[in-house]
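Colleague: Just to be clear, the model below is a prediction. Sequence and coordinates:
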Amino acid sequence: EAGVVQSPRYKIIEKKQPVAFWCNPISGHNTLYWYLQNLGQGPELLIRYENEEAVDDSQLPKDRFSAERLKGVDSTLKIQPAELGDSAVYLCASSRGTVNTGELFFGEGSRLTVL
Amino acid sequence: RKEVEQDPGPFNVPEGATVAFNCTYSNSASQSFFWYRQDCRKEPKLLMSVYSSGNEDGRFTAQLNRASQYISLLIRDSKLSDSATYLCGLETGGYQKVTFGTGTKLQVIP
């Protein structure tokens, strides 16, 4: 079974530029998450999807961040414009959507550096 | 108060030692608890779930104390390969929203 696939693995951009990350979850996983992880910190939830619906986006900075999950499979996370403080690892995860299992499968992450 | 708190460490322990980490949580409605392992520059992976009765998997034992609102992870006979960051995670309300702590870094030294 293929795992969660993310791209790009690494991205270096200048501030004020746009950037987009892509995620392909494990086949059959209805729930998809985008987390942000800063160095020395745990993952922080940005947005959670149940199929196509964003059911929790309360932590997503909507002035510059946007996300979509068309057709309930792949997802993209966009930042426009990027700021220096956005440098972090953006992790995508998926789960079967079964309540109380807590087993999230993470991708390898997209490491963003904003100069 | 943060929803999930962990001592960031690092915990430097010799091979063969027993080490324990705690993780405290603030929301008494939290229902499910987990320990994830994250190797340096890698993604987190589920290590084990934490059940009310406690659970054990080889050298690893996890326990839940609802009264004091903390979970623990005990590692016996530490191996060099146990060196990693251990993230505490919890799920509240059965909504598949998993909140993580900052992680505790473990370094097992020869």
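Modeller: Noted; the coordinates are in hand.
Colleague: any weak-confidence spans in chain B?
Modeller: Filtered on pLDDT under 70, chain B yields the residue ranges B:93-95.
Colleague: interface residues of it facing chain A?
Modeller: Residues of chain B found near chain A (C-beta under 8 Å from any C-beta of the partner chain) are B:4, B:6, B:8, B:31-34, B:42-46, B:49, B:87, B:89-91, B:94-103. Just so you know, the C-beta spots here come from the backbone N, C-alpha and C atoms, and that holds for glycine as well.
Colleague: one more time with 6 Å
Modeller: When proximity is defined by C-beta under 6 Å from any C-beta of the partner chain, chain B lies next to chain A at B:32, B:34, B:43-44, B:46, B:87, B:91, B:94, B:96-98, B:100-103.
Colleague: Restrict these to the buried ones and give me that as a PyMOL selection.
Modeller: Buried residues within the residues of chain B next to chain A, by 16 or more other C-beta atoms under 10 Å in any protein chain shown, are selected in PyMOL with:
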select buried, chain B and resi 32+34+43+44+46+87+91+96+97+98+100+101+102+103
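Colleague: which one among the residues of chain B next to chain A gets closest to residue B:64?
Modeller: residue B:32 (9.8 Å; C-beta to C-beta).
Colleague: Point me to the helix or strand that includes the closest residue to that closest one other than its chain neighbours.
Modeller: In space, and not counting its chain neighbours, residue B:32 is closest to residue B:91: 4.1 Å by C-beta to C-beta, 6 or more residues apart in numbering or on different chains. Element membership for residue B:91, per DSSP states H and E: strand B:84-92.
Colleague: thought the residue nearest to residue B:32 was touching residue B:100?
Modeller: No: using C-beta atoms under 6 Å, residue B:91 makes no contact with residue B:100, being 10.7 Å away.
Colleague: dump the residue contacts of residue B:107.
Modeller: By C-beta atoms under 6 Å, 6 or more residues apart in numbering or on different chains, the contact set of residue B:107 is B:10, B:12, B:83.
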